[in-house]
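>>> Okay, predicted coordinates and the sequence, questions at the end:
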Amino acid sequence: MDWHALHEGEQPRLLELAERYELHPLHIEDCQHQDQSAKLEEGDTYLFAVFKPVHKDQEGNSTFGDFDVFIGAGYLITFEETGCQSLLAMVERHRANKALSNDQIFYRLLDGIVDSYAPILDNYSEQIDAIEDQVLANPEPDILERIFTLKRALIELRRVLTQTRDLTGHLMRAEHELISPKLTPYFRDVYDHLSRHIETVEMSRDLLSGALDIYLSSVANRTNQTMKVLTLLSTIALPSVAMSSFFGMNFETMPWIHNPNGLIYAGVASLTITACLVVLLKWREWI
């Protein structure tokens, strides 16, 4: 069995192999253009699959690349475009095992890529837990950006998981000469893993939506509390404002206008009304 493990930048070698094994030009074009969907297609004498391994970019974010696989009678071609070290290590580990057949290697590559999604889901779950704690304790505006960033990441992950599950389901249901029927239970196990991953993504999206609702409610409650305090302060200050406006009018008939103690009387009256108002607010349990 010939295994040709190619990497990004080895397109000339890929074209040579395409001519030797009569690979379809559209499949070669898929290999030359990144950001393909996970899929499984049948050629005349081979199967062509696109897997979506996950890796960390320079900023530490999880991104999906393309891992293209051609499986034919007596040969296997893999074209790795991500530079992911864990994926490269997995390829080299399986290449060193000469006892594996083509279809067994195909299964193990798919299973290894699906297993690599689990740590990403765990990381997202930890971030969601931290967001839930923060929206309850200290809802700050930066939480919104984190929530929407996670939502976008989960949407992308769900798209990849759904496509990969469809690919695996096709391997389970269809009969291929290049895939042994003995591997059907193993592909079914991969399918179950993908289904659980999708359920976890859906649950995480629901938790994020709940965290967003809690954040909006917390912000609204904080705004209401601020408005309540400002309203109470305005209400308490209202008697003093009213008294000062009343005695500020220039009319000779105003009470205490010529009394030397008029200012004291007006101040006492204002404070008395304010005190009565405060007692009334406390009695109504508004403050």
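Perfect, thanks for sending it.

>>> Now do the contacts for the residue nearest the centre of the chain.
The centre of the chain sits closest to L150, judged by CA atoms, centre = their mean, with a distance of 2.2 Å. Taking CB atoms under 8 Å, 6 or more residues apart in numbering as the definition of contact, the neighbours of L150 are Y124, Q127, I128, I131, S204, L208. Heads up, the C-betas are built off the backbone N, CA and C, glycines and all.

>>> Would you convert these into JSON lines that also reports pLDDT?
Written out in JSON lines, the entries for the contacts of L150 read as follows (pLDDT from 0 to 100):
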{"residue": "Y124", "pLDDT": "91"}
{"residue": "Q127", "pLDDT": "91"}
{"residue": "I128", "pLDDT": "91"}
{"residue": "I131", "pLDDT": "90"}
{"residue": "S204", "pLDDT": "93"}
{"residue": "L208", "pLDDT": "91"}
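
>>> would you list those residues in CSV and tack on secondary structure and neighbour count?
Output for the contacts of L150, formatted as CSV (DSSP: H, G, I helix; E, B strand; the rest coil; neighbours: other CB atoms under 10 Å):
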residue, secondary structure, neighbour count
Y124, helix, 21
Q127, helix, 17
I128, helix, 21
I131, helix, 20
S204, helix, 21
L208, helix, 21
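
>>> show me where pLDDT drops low in the stretch 51-200 of the chain?
Scanning the stretch 51-200 of the chain with the threshold set as pLDDT under 70 gives 57-60, 83.

>>> Tell me where it has helices.
Secondary structure of the stretch 51-200 of the chain by DSSP state H, counting those that start in this stretch: the helices cover 85-96, 102-115, 117-137, 142-173, 184-247.

>>> Can you say which of those helices is nearest to A49?
When the helices of the stretch 51-200 of the chain are ranked by proximity to A49, the top entry is helix 142-173, at 6.6 Å, counting by CB to CB.

>>> Wait, L110 touches V190, no?
Yes. Under the criterion of CB atoms under 8 Å, L110 makes contact with V190 at 6.0 Å.

>>> hey, what's in contact with both of these two?
Going by CB under 8 Å, 6+ apart, residues that sit against L110 and also against V190 are T168.

>>> residues of the helix or strand containing Y265 that come out buried?
Secondary structure assigned from DSSP states H and E places Y265 in helix 262-283. By neighbour count, and taking 16 or more other CB atoms under 10 Å as the criterion, the buried residues in helix 262-283 are A266, A269, S270, T274.
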